[in-house]
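[1] Mind folding the following:
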Amino acid sequence: MRFDYNVKNAAYVRQHGRCAKCGKYLNMIFEDRREYEGAWTAHALVPLDEGGRNKAHNCVILCITKPDCHLGFAHEGDLQKHVFLTQFAFPNWISKNGTGQVWQ
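    Numbering: from 1, shown residues only. The predicted structure is shown next:
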């Protein structure tokens, strides 16, 4: 199961069109189109096939071109590997009230 358009759009808007990890600006029309600069993919914090919900709070938008935060961070370099993630792993995550992470 993949995220539906409304969920991905909500996550993209929440992140102001930026990668949640590195902050790189992304282009909405380049979803899963690695050959273009600004390409991105939607990634589940809790995988959908493992009980994760098809909701924006479970969806994070990550770059798939250099530095490729999706592969390098969310999968530790191996797409078969699943890394446990929370919104607090992403310095550019924007919360519902429009603020970034609060670091102590």
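[2] Spell out the residue ranges of the helices in the protein.
    In the chain, the helices defined using DSSP state H lie at 5-14, 69.
[3] Any idea which of the ones you listed gets closest to Ile94?
    Set against Ile94 and scored by Cβ to Cβ, the helices of the chain come closest in helix 5-14, at 5.1 Å. In this view, the C-beta of every residue, glycine as well, is placed from N, C-alpha and C.
[4] Contacts for that closest one next, please.
    Around helix 5-14, the neighbours that count as contacts under Cβ atoms under 8 Å, 6 or more residues apart in numbering are 3, 26, 28, 31, 40, 42, 54-56, 59-61, 94, 96.
[5] so for it, what's the average pLDDT?
    The pLDDT scores in helix 5-14 average 95.
[6] what about it, distance to the chain center?
    Using Cα atoms, centre = their mean, to the nearest Å, the mean C-alpha position of helix 5-14 is found 10 Å from that of the whole chain.
[7] going forward, begin numbering at 45 instead of 1
    Sure thing, new numbering starts at 45, so read that last one as helix 49-58.
[8] in it, what counts as buried?
    Residues of helix 49-58 classed as buried by neighbour count (16 or more other Cβ atoms under 10 Å): Val51, Lys52, Asn53, Ala55, Tyr56, Arg58.
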